[in-house]
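# predicted model and sequence below, questions to follow.
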Amino acid sequence: MSLFLVSLLVLSQAKEVETEDGDILYEVPLSDPERISALEEKLSRIESKQAPAAEGAPSFFQTVSNAVTLSGYVDFGFFVPTGNGAGYLQDFGNKIFPKYAGQYGWVFYGDILATAVNSRGDVADLGEAPGVDRYDSVNSRGALGFILNVANLNVRAAFREDLLFTVGLNFTPRTGNDFNLGDTFDLDLAQVEWMPTADQRLSLFAGKMESLMGVEYRTRHSPMRFGITPSLIARYTTGTPLGVKARAKLFKGDFLTVAAAFTNGSSTTEQFHFYDEIDSNSGKTFSGRLSLKPTGLFDSAPLGDLELGVSGEWGPQDHARDTKDPLWFVGVDLLWDIGPVGVEAQYLKGGAAGREVDHAYGLRLNDSGYLAIFWRITSLLGVLVRGEFRDAFVWLGDERAYLTRSWRATVGARVSFNEHVTLKAEYLFNGEYGGVPNVPNDVFTSSLVLAY
């Protein structure tokens, strides 16, 4: 009976696809991780209800064992950087940008996070910038090599159908130095989700949660990402802030989704200049997202599944000790699945005044964004292309400034042997525009993802 129910559930949520041989397959789009996650939750609930009681085991322990599920993945890679592995250079003596002479002690150009080697956004090398002490997790110094990008563990507990607990941990083995261990771990998620309505389309979250900015946060983990590396603007949108969040899915086919959150800091990633998990001020950051799925209203969608979204974020700038100046972002996004082809796009702008005394960086994020196209040629083979650009000026008082006008073209391929084993490869062509000299920072990277 359990197998019959599971089969009906899968067929009711999947797309019907006819192969060249006339076989009928059922596919859940790779670019819709929320649907996949919801399907996994429902399957888990059915299995927990149907599972027989362990012989001689108290009913309490039998219930707990059925309610708790473990999942995760191991991401093993190999990368080849160009240059010294860093994505930026220093403008010595203001020879390239004389207009900044006397304004900043150090001026850099390029993109610190351009040389990403994995889905976490870890770069081949952070370079030798003066005046800072950064944790360079890879620190390849331009050398090619193997890397265990991350070993991930997720624990999900559903003691009731309307109450879910999720904890995610990332373990990253890295090089130690002077008898210090280099291995680290970080808490990726720690949240509770309550679905108080009968249809479970209203969710209330509390804890360390997913972002509401854009759509790229949905595929930030290796098994969910079609390719390997994040976009150039992922540093602003894929962090996991601490706070509370509400999301409501309305009308047929989730035609309208409304979400809002109050958090300590912004949705930026922890490795970037702008991040505050524990606030330095009493103000809170508000973020929200509104999305439409026009095709959800129709039983058949010949033009595929389309989602259009707009999102924004506003709050006291990270690290500042008062609420005088805001850090803000606003963007629009698109997801479109047309049979075997997926399209993902996002545009983003933002800014912050900065404050040197609090070590709060200033930001002018001008027109920035990306367009990615994924083609699932067969169930085994897929390819991708992504074009993007980032126009930003980041500074800290009169101490340092980073000028970025970067573009990137990414090409990649993947071989998905089954749901547990996927092999990927990408080449990142990085370049500069708008009067910024070119930086030698192209990267080849690969990833073997083993999910369980």
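The structure has been received and is ready for your questions. This is a predicted model, so every value here is computed, not measured.
# least confident secondary structure element in this protein?
Within the chain, confidence by mean pLDDT, DSSP states H and E is lowest for helix 2-13 among all helices and strands, at a mean of 42.
# where do the helices sit along the stretch 151-300 of the chain?
Listed in chain order, the helices of the stretch 151-300 of the chain (DSSP state H, counting those that start in this stretch) span 234-237.
# my read is residue 99 is in a helix, agree?
Yes: under DSSP: H, G, I helix; E, B strand; the rest coil, residue 99 falls within a helix.
# how near is it to residue 107?
Taking CB to CB, to the nearest Å as the measure, residue 99 and residue 107 are separated by 10 Å. (C-beta placed from N, C-alpha, C; glycine too.)
# okay, the two: which has more neighbours?
Counted by other CB atoms under 10 Å, residue 99 and residue 107 do not tie: residue 107 has more neighbours, with 21 against 8.
# give the contact list for the more buried one.
Residues in contact with residue 107 (CB atoms under 8 Å, 6 or more residues apart in numbering) are 90, 91, 94, 97, 100, 400, 401, 403.
# residue 115 is in contact with residue 430, isn't it?
Yes: using CB atoms under 8 Å, residue 115 is in contact with residue 430, at 7.3 Å.
# pull up the overlap in contacts between the two.
By CB under 8 Å, 6+ apart, the residues touching both residue 115 and residue 430 are 87, 441, 443.
# is it correct that the first one is in contact with residue 108?
When you say that, I think you mean residue 87. No: if you go by CB under 8 Å, residue 87 and residue 108 don't touch, sitting 9.9 Å apart.
# coming back round to it: narrow the contacts of residue 107 to those in strands?
Among the contacts of residue 107, the members falling in strands are 90, 400, 401, 403 (criterion: DSSP state E).
# so what's the first one bridging to?
Using DSSP bridges, the bridge partners assigned to residue 90 are residue 108.
# quick check: it touching residue 104?
No: look at residue 90 against residue 104 with CB under 8 Å: they stay out of range, at 11.3 Å.
# looking at the two, which is more packed in?
residue 104 (20 against 16).
# burial check on residue 278, number of neighbours?
Count around residue 278 with other CB under 10 Å applied: 7.
# from residue 329, how far off is it?
Distance from residue 278 to residue 329, by CB to CB: 21 Å.
# doesn't residue 267 make contact with residue 276?
No: taking CB under 8 Å as the definition, residue 276 is not a contact partner of residue 267, at 11.1 Å.
# those two: who's more crowded?
More neighbours surround residue 267 than the other of residue 276 and residue 267, with 27 against 24 (other CB under 10 Å).
# so how far is residue 80 from the closest residue to that one other than its chain neighbours?
Take residue 267 and drop its neighbours on the chain: the residue closest to it by CB to CB, 6 or more residues apart in numbering is residue 211, 3.8 Å away. For residue 211, the distance to residue 80 equals 31 Å [CB to CB].
# neighbour count for these two, which is higher?
residue 211 (27 against 18).
# OK, contacts around that one?
217, 237, 238, 239, 240, 241, 267, 287.
# 7 Å instead?
217, 237, 238, 239, 240, 241, 267 (CB atoms under 7 Å, 6 or more residues apart in numbering).
# likewise residue 259?
212, 245, 246, 247, 288, 289.
# how about 8 Å then?
Residue 259 touches 212, 245, 246, 247, 248, 288, 289, 290, counting by CB under 8 Å, 6+ apart.
# would you confirm that the fourth one contacts residue 287?
Okay, so that is residue 247. No: in this structure, residue 247 is not within contact of residue 287 by CB under 8 Å, at 11.7 Å.
# comparing those two, which shows the higher neighbour count?
residue 287 (24 against 20).
# tell me which residues of the helix or strand where residue 429 lies come out buried.
If you go by DSSP states H and E, residue 429 is part of strand 421-432. Neighbour counts over strand 421-432 (16 or more other CB atoms under 10 Å) mark 422, 424, 425, 426, 428, 430, 431, 432 as buried.
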